[in-house]
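S.K.: 3D model of this:
(2 chains)
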Amino acid sequence: MKTSVDRKDFENLIDDHGKSLYSFCGRLTGYTDDANDLYQQTFLRALELCDRIDPAGNPKAFLFTIAASLYKSRMRKLARRDRIAPREDITDENAELLAGDTDVEAEVLSGELSSVMRKAVQRLKEPLRMTVLLFYGNGFSVLEIAGILRVPQGTVKSRLNKARSILRKDLEATGYETAT
Amino acid sequence: MKQLRDSDLDLLLRSALSPEQEVPVDVDRKLRRAVRTQEPKNTHRLFAMTIVLNAVMTLFSESAVFLLLPYLPVRVLAVFHVTLSMTAVLALIFLRRRLFVFLEGVYSK
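M.R.: Okay, the predicted model is just below:
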């Protein structure tokens, strides 16, 4: 029985999970260059650890674990630099990165509200944003997210609740009335 | 004011965040080239070798210090140094993979 992935299997991993990982990196970082770097670093780190990837397990969660871990350590390094020289706000090019390839139907259905929602998600603090992106953007379960972020399941649930409440307030501020 | 039901928030979040972004062609090509050419690094073996070699050299040099220098504080420090190095080796032996998981924050479940 095969217990790890070889070079060819690894390229299949890129085919299978590349797009979703790239979208995650884009929405997480909010910057094209950072997203490209994080995406490539994630796969190269995974290549170094390919003896630990179980093809029968959950390689997608494994890749997202690496991405989350790399992003957190990168943020720690950048925190000091950003205090000295803050980076530019999200430009049109970066806004596209947040949006993803929306089809016409989805654009008509959700339209402006989706755009408002994506921007609101981008304003969330890092742990909340990461949890929301994994849960809503990539369809991971609470259990899987707990494994990826290395936090208890209860923490994932409370982060989701907190994020929902912040997003609801954001929507109210932009003119949408939320009803329970 | 536009109405948005509480139960619709989940649906809205899913529809706003689920569309996937295409990987830029140059980024994808660069990554695939790197994957084909890069040899997997065995960083764990290097890390383990460094710890063991450090312990061996520490043991050797601090033994010499202990035997050649008749000063008590220096001898005490030498013993501490050897103990510390040996603790690292013991941690490596007993924890093995868990140590790397702890250091890197990556697991493969």
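S.K.: For the rest of this, base every contact and every neighbour count on C-alpha atoms.
M.R.: Noted.
S.K.: on contacts alone, who are the packing partners of the helix ranked longest in chain B?
M.R.: The residue-count maximum for a helix in chain B (DSSP state H) belongs to helix B:43-68. In terms of contacts (3 or more Cα pairs under 8 Å, 6 or more residues apart in numbering or on different chains; DSSP states H and E), helix B:43-68 is packed against helix B:72-95.
S.K.: Isn't B:Ser18 up against A:Gly137?
M.R.: Yes. If you go by Cα atoms under 8 Å, B:Ser18 and A:Gly137 touch, sitting 4.5 Å apart.
S.K.: what helix or strand does A:Phe43 sit in?
M.R.: Per DSSP states H and E, A:Phe43 falls inside helix A:32-48.
S.K.: Any idea which helix or strand in chain A has the lowest mean pLDDT?
M.R.: When the helices and strands of chain A are scored by mean pLDDT, DSSP states H and E, helix A:92-99 comes last with a mean of 52.
S.K.: On the three-state scheme, A:Val151 is what?
M.R.: coil (DSSP: H, G, I helix; E, B strand; the rest coil).
S.K.: so B:Val23 sits in a helix?
M.R.: No. With three-state DSSP as the criterion, B:Val23 is located in coil rather than a helix.
S.K.: In chain A, what residue spans correspond to strands?
M.R.: Secondary structure of chain A, counting by DSSP state E: strands at A:176-179.
S.K.: Low-confidence regions, the chain specifically.
M.R.: Because you didn't say which chain, this covers chain A. Applying pLDDT under 70 to chain A picks out residues A:1-6, A:55, A:80-111, A:175-180.
S.K.: I was thinking of chain B, sorry if that wasn't clear
M.R.: Residue ranges of chain B with pLDDT under 70: B:1-6, B:39-43, B:97-109.
S.K.: what about 90?
M.R.: B:1-49, B:69-70, B:91-109 (pLDDT under 90).
S.K.: how near is the residue nearest the centre of chain A to chain B?
M.R.: The residue lying closest to the centre of chain A (Cα atoms, centre = their mean) is A:Phe24, at 3.2 Å. A:Phe24 is 8 Å from chain B, where distance means Cα to the nearest Cα, to the nearest Å.
S.K.: what sits against that residue?
M.R.: A:Phe24 makes contact with A:133-134, A:137-138, according to Cα atoms under 8 Å, 6 or more residues apart in numbering or on different chains.
S.K.: now these as CSV including neighbour count?
M.R.: Formatted as CSV, the contacts of A:Phe24 follow (neighbours: other Cα atoms under 10 Å in any protein chain shown):
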residue, neighbour count
A:Leu133, 23
A:Leu134, 24
A:Gly137, 22
A:Asn138, 20
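S.K.: how distant is stretch A:128-140 from the center of its chain?
M.R.: Distance of stretch A:128-140 from the chain centroid (Cα atoms, centre = their mean, to the nearest Å) equals 6 Å.
S.K.: got a list of contacts for that stretch?
M.R.: Outside stretch A:128-140, the residues touching it (Cα under 8 Å, 6+ apart) are A:20, A:24, A:27-28, A:68, A:121-123, A:141-142, A:145, A:156, A:159-160, A:162-163, B:10, B:13-14, B:17-19.
S.K.: Only alpha carbons, please: show it as PDB.
M.R.: Provided in PDB are the C-alpha atoms of stretch A:128-140 (Å, rounded to 0.1, in the frame of the first residue of the first chain):
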ATOM      1  CA  LEU A 128     -11.200  35.200  12.300                       C
ATOM      2  CA  ARG A 129     -10.500  35.700   8.600                       C
ATOM      3  CA  MET A 130      -8.600  32.500   8.300                       C
ATOM      4  CA  THR A 131     -11.400  30.500  10.000                       C
ATOM      5  CA  VAL A 132     -14.100  32.100   7.800                       C
ATOM      6  CA  LEU A 133     -12.100  31.500   4.600                       C
ATOM      7  CA  LEU A 134     -11.500  27.900   5.500                       C
ATOM      8  CA  PHE A 135     -15.100  27.300   6.500                       C
ATOM      9  CA  TYR A 136     -17.100  29.200   3.900                       C
ATOM     10  CA  GLY A 137     -14.500  29.500   1.100                       C
ATOM     11  CA  ASN A 138     -13.100  26.000   1.100                       C
ATOM     12  CA  GLY A 139     -15.800  24.000   2.700                       C
ATOM     13  CA  PHE A 140     -13.700  22.500   5.500                       C
END
